[in-house]
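Q: just the structure for this:
(one chain, ligands or ions: 1)
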Amino acid sequence: MKKQIRIGLIGYGFMGRTHSNAYSQLDHFFDTQHVPVRQAVCGRNEEAVKEFAEKWGYASYETDWRELVKRDDIDAIDICTPNNSHAEIALECIKHGKMVLCEKPLALNGEEGEAMVKAIEESGLPNLVWYNYRFLPAVTHAKNIVAAGELGRIFHYRANFLQDWTISEDLPQGGAALWRLDAAAAGSGVTGDLLAHCIDTARWINGNIVSVSAMTETFIKERVHQETGEKQAVTIDDACSFLARFENGSLAIFESTRYARGHKALKTFEINGEHKSLSWDLHDLNRLSYFDHGVPSDRRGWSSIHCSDGDQPYAGNWWVPGLCLGYEHSFTHGLYEFMKSLDDPSAEKQYPDFRHALGTQYVCDAVLESARTGQWVEVKQS
Ligand SMILES: NC(=O)c1ccc[n+]([C@@H]2O[C@H](COP(=O)([O-])OP(=O)(O)OC[C@H]3O[C@@H](n4cnc5c(N)ncnc54)[C@H](O)[C@@H]3O)[C@@H](O)[C@H]2O)c1
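A: Presented below is the predicted three-dimensional model:
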């Protein structure tokens, strides 16, 4: 008999849809004893939230998240709202004994994140942060290759997350859909939004980051705020580049911007070791590029592994070799890891929890401090 985990979803925008898709797919493709049930969704607009509930198969809806977190028929709350609400909602969930699945970044800053970690760890409640890119087969495969020690000593890590959607001066900031451009709602710009993903992947594959030196820029200084109708100073970072040192002695360079004309979502990483190198690109997400110096020199070169065979992470649960998975599958795989850990709480967790996400938050904080002060900054460890 499977055990139902009754989910209460808060926020039904972009992430609300990716998570709802994962809740509806999991039990068809993966075998876990705990299975999600779409119990309720919460949004502030009654007509819109009702329509979402019907479309995505939620049994009920609420218009106030405080009512949702109090309900006895909810086991886990999924937080898919802007960043400035994560801490408040999570702390309330914990008070009401709910498991928490929270979108990234964990919080607006490390201080908020620490309060969340303290509360959740004292409660003993299961918790996850949706750093989903880890769960793409090619990214997990890269992690496994590095964890097996195949690269030998690691020298370099480099990562990008490039977009081009905020170049127009006429784009407003704040309010629905554009809260990312308002530091009060987002905490920061590309650092918390995009680099946080790169940092999570990097820490997972290559270990802790110990120090950073960063620069940021806000190219458009003022934008009309959607909520006030007034032109206001833009306080997010439009672009951020930073150098970093890892605990294992390797050096890194990270870059993110929303001003790289021609790039929609170019998320990449490359890692160079003594024996091998690996690289990956979100635009071709099923492939992992692989260079092996052990191959005789006249046959040596970069190869491209299509991570769709049954022996690749997660791929065997889907279609047949050679057929592609997409962005959305990363959420189903993350959810699978979470449900699996409910099946066997003693097993090592294969997903980022609040404490892992706090480590990423500390790197983001150090990056922003370094950009402000022009100094190298030591990263606090979680
Ligand atoms: N893991 C990823 O790849 C990824 C991608 C995008 C966004 N995110 C994160 O997910 C979160 C949501 O981002 P999004 O892109 O889905 O935003 P969105 O703007 O598409 O959706 C946000 C939703 O929250 C709702 N909301 C806001 N305040 C609310 C409140 N007080 N009560 C109830 N609902 C409320 C909005 O109405 C909307 O439905 C953010 O933290 C963001 O950083 C993660």
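
Q: just give the nearest non-adjacent residue to the closest residue to the ligand within the chain, would you?
A: Nearest residue of the chain to the ligand (C-beta to the nearest ligand atom) works out as residue 13 at 2.1 Å. Any C-beta I mention is one placed from the backbone N, CA and C, and that applies to glycine too. Nearest residue to residue 13, sequence neighbours excluded (C-beta to C-beta, 6 or more residues apart in numbering): residue 80, at 6.8 Å.

Q: quick one: pLDDT of the residue most central in space within the chain?
A: Most central in the chain under C-alpha atoms, centre = their mean is residue 131, positioned 2.5 Å from the mean C-alpha point. What the model reports as pLDDT for residue 131 is 98.

Q: swap in the one 3 residues further on?
A: Residue 134 carries a pLDDT value of 97.

Q: hang on, residue 173 packs against residue 181?
A: Yes: judged on C-beta atoms under 8 Å, residue 173 makes contact with residue 181 at a distance of 3.7 Å.

Q: between these two, which contacts overlap?
A: Residues touching both residue 173 and residue 181 (C-beta atoms under 8 Å, 6 or more residues apart in numbering): 223, 234, 236.

Q: most neighbours among these, please name it.
A: residue 236 (25 neighbours; other C-beta atoms under 10 Å).

Q: leaving out sequence neighbours, find the closest residue to that residue.
A: Per C-beta to C-beta, 6+ apart, closest to residue 236 is residue 189, 3.1 Å.

Q: dihedrals phi and psi, that neighbour?
A: Main-chain torsions, residue 189, degrees, to the nearest 10: phi -90, psi -120.

Q: tell me how far it lies from residue 226.
A: 17 Å (C-beta to C-beta, to the nearest Å).

Q: compare the two (neighbour count), which wins?
A: Using other C-beta under 10 Å as the criterion, residue 189 and residue 226 rank with residue 189 on top: 28 against 16.

Q: show the pLDDT at that one.
A: For residue 189, the model assigns a pLDDT of 98.

Q: residues contacting it?
A: Neighbour list for residue 189: 180-181, 183, 216, 218, 236-238, 240, 258 [criterion: C-beta under 8 Å, 6+ apart].

Q: only the buried residues of the helix or strand hosting residue 254, if you could.
A: Per DSSP states H and E: residue 254 is located in strand 251-257. Using 16 or more other C-beta atoms under 10 Å as the test for burial, strand 251-257 gives 252, 254-257.

Q: equivalent analysis for stretch 260-271, please.
A: Buried-residue list, stretch 260-271, by 16+ other C-beta under 10 Å: 260, 263, 266-271.

Q: helices or strands up against the helix ranked longest in the chain?
A: Taking DSSP state H as the criterion, the chain has its longest helix at helix 354-373. The helices and strands touching helix 354-373, judged by 3 or more C-beta pairs under 8 Å, 6 or more residues apart in numbering; DSSP states H and E, are strand 99-102, helix 110-123, strand 127-129, helix 196-206, strand 209-217, strand 239-246, strand 377-378.

Q: could you spell out the sheet neighbours of the shortest one, each with its direction?
A: Using DSSP bridges, the strands paired with strand 377-378 are strand 209-217 (antiparallel).

Q: could you point out the helix or strand that follows the strand it pairs with?
A: The helix or strand immediately downstream of strand 209-217 is strand 222-224, counting by DSSP H and E.

Q: picking up where we left off before, give me the subset of the buried residues of strand 251-257 touching the ligand.
A: Among the buried residues of strand 251-257, no residue lies close to the ligand (C-beta under 6 Å from any ligand atom).

Q: which two among those residues are spaced furthest apart?
A: Farthest pair in those (C-beta to C-beta) is 252 and 257. Separation: 17.1 Å.

Q: so what touches stretch 302-313?
A: Contacts to stretch 302-313, defined as C-beta under 8 Å, 6+ apart, come from residues 137-138, 140-141, 144, 277, 286-292, 315-316, 319, 321-325, 333.

Q: nope, stretch 16-26 is what I was after
A: Contact with stretch 16-26 is made by 7, 9, 12, 32, 35-38, 41, 52, 56-58, 78, 80, 101, 130, 132, 327-328, 331-332, 334-336, 339, as judged by C-beta under 8 Å, 6+ apart.

Q: hmm, try it at 6 Å
A: Identification of contacts with stretch 16-26 by C-beta atoms under 6 Å, 6 or more residues apart in numbering yields 9, 36, 38, 56, 78, 80, 328, 331-332, 335.

Q: hmm, back to that, which secondary structure elements does the strand holding residue 254 contact?
A: strand 154-162, strand 239-246 (3 or more C-beta pairs under 6 Å, 6 or more residues apart in numbering; DSSP states H and E).

Q: 10 Å - rerun?
A: strand 154-162, helix 190, helix 196-206, strand 209-217, strand 239-246, strand 266-273 (3 or more C-beta pairs under 10 Å, 6 or more residues apart in numbering; DSSP states H and E).

Q: what lines up beside it in the sheet?
A: Here strand 251-257 has these sheet partners by DSSP bridges: strand 154-162 (parallel), strand 239-246 (antiparallel).

Q: next, the angle strand 266-273 makes with that strand.
A: 170 degrees (axes from the mean of the first three to the mean of the last three C-alpha atoms, to 10 degrees).

Q: pLDDT averaged over strand 251-257, what's the number?
A: 98.

Q: mind checking the SS state of the most far-flung residue of the chain relative to its centre?
A: For the chain, the largest distance from the centre (C-alpha atoms, centre = their mean) belongs to residue 298, which lies 40.4 Å off. For residue 298, the assignment made with DSSP: H, G, I helix; E, B strand; the rest coil gives coil.

Q: is any residue of stretch 121-139 near the ligand?
A: Yes: using C-beta under 6 Å from any ligand atom, stretch 121-139 reaches the ligand at 130, 132.

Q: if we can go back for a sec, check the buried residues of stretch 260-271 against residue 161 and report the nearest one.
A: Distances from residue 161 to the buried residues of stretch 260-271, taken by C-beta to C-beta, are shortest for residue 267, at 4.7 Å.
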